[in-house]
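Student: model the following, please.
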Amino acid sequence: MKDRMSVGFLLKQINNVYEKDLNQRLRTLGITASQCAVLDYLITSRKEEVNQKDIEKALNLKNPTVTGLLKRLDEKGFILIVPNNKDRRCKNVYLTEKAYDIQKRMEADRKKIDKTLLIGMNKKETENLVKMLERVLYNISEP
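Tutor: Predicted coordinates for the structure are as follows:
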């Protein structure tokens with residue numbers, strides 16, 4: 001029987017290919033997969049005010065990483081960073097029209113890749129895969 005790759009290595013390989021494909025598709029929009037994740041979080045967040053800490057927690061990223069992502073998104077005109085009225089040290093992040101303008105395209109690009117990932121799987125298999133991946137994420141996430 002053929003040796004199997006470790007689960008962690010397999011997940012990393014899948015992520016590498018996924019991110020490369022998504023970056024290629026998003027290049028025409030002027031954003032990266034990581035920037036897309038931040039925009040997606042801001043678009044789907046139910047919070048009235050979102051700050052950098054919220055993004056760090058939601059995307060499981062470190063402060064310097066999020067700082068860089070927000071800086072580039074601000075420079076590209078996709079977000080506005082505004083000091084919080086109650087605490088000037090805290091900055092709120094808001095989407096611009098430019099971000100909303102590319103929302104459908106970002107979503108379409110991700111759906112195309114997801115469809116490719118799920119080729120040959122029926123609905124039940126897809127549901128089971130999602131449940132298992134959610135469990136893996138839960139297992140590895142910090143408490």
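Student: you'd agree residue 88 is in a strand?
Tutor: No - according to DSSP: H, G, I helix; E, B strand; the rest coil, residue 88 belongs to no strand; its state is coil.
Student: and it, how many neighbours does it have?
Tutor: Neighbourhood size, residue 88 [other CB atoms under 10 Å]: 8. C-betas here are computed from N, CA, C, even on glycine.
Student: ok, now which ones touch it?
Tutor: Not one residue lies near residue 88 by CB atoms under 8 Å, 6 or more residues apart in numbering.
Student: next one: phi and psi at it?
Tutor: Main-chain torsions, residue 88, degrees, to the nearest 10: phi -60, psi -20.
Student: check what pLDDT it gets.
Tutor: At residue 88, the model reports a pLDDT of 78.
Student: do the one 5 residues further on as well
Tutor: Looking at residue 93, its pLDDT stands at 95.
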